[in-house]
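> Fold the following for me, if possible:
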Amino acid sequence: MIDIEITTEFIKLDRFMKFAGMVYTGGDAKGFVQDGEVKVNGRVCTQRGKKLHDGDVVSFNGQDYRVVKGK
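Residues are numbered from 1 along each chain as shown. Predicted coordinates:
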């Protein structure tokens, strides 16, 4: 599990994937999400604009990334 700290109340899934270094571009994130290759909290998510909050877990390419709200 890799913790990724954000400073905002939420972050959208496609931006989170880019911010966490899972993908190089937002377009890459869009493709993976639309193809059903990304899970949020254990469920396949096809909404690239899904809002992620503190504690949410994104699973992609065999790795889990947890959203952590910083100060």
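> now stretch 46-57, how far from the chain's geometric center?
Its chain's C-alpha centre and that of stretch 46-57 lie 6 Å apart, by Cα atoms, centre = their mean, to the nearest Å.
> Could you give me the buried positions within that stretch?
48, 50, 52, 56 (16 or more other Cβ atoms under 10 Å). C-beta coordinates here come from the backbone N, C-alpha and C atoms, glycine included.
> Check stretch 29-39 too.
Neighbour-count burial for stretch 29-39 [16+ other Cβ under 10 Å]: 29-30, 32-33, 38.
> Output those as TSV; include the columns secondary structure, distance to residue 20 and pLDDT.
As requested, those are exported to TSV (DSSP: H, G, I helix; E, B strand; the rest coil; distance: Cβ to Cβ, whole Å; pLDDT from 0 to 100):
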residue	secondary structure	distance to residue 20	pLDDT
29	helix	10	95
30	helix	15	94
32	helix	13	97
33	helix	14	96
38	strand	12	98
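> ok, those residues vs residue 14, which is closest?
Of all the buried residues of stretch 29-39, residue 14 sits closest to residue 29, with 4.0 Å by Cβ to Cβ.
> Worst mean pLDDT across the helices and strands of this protein, which element?
helix 26-34 (a mean of 94; mean pLDDT, DSSP states H and E).
> rewinding a little: could the buried residues of stretch 46-57 be laid out in JSON lines, adding distance to residue 10 and secondary structure?
Listed next are those as JSON lines, based on distance: Cβ to Cβ, whole Å; DSSP: H, G, I helix; E, B strand; the rest coil:
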{"residue": "48", "distance to residue 10": "14", "secondary structure": "coil"}
{"residue": "50", "distance to residue 10": "9", "secondary structure": "coil"}
{"residue": "52", "distance to residue 10": "6", "secondary structure": "strand"}
{"residue": "56", "distance to residue 10": "9", "secondary structure": "coil"}
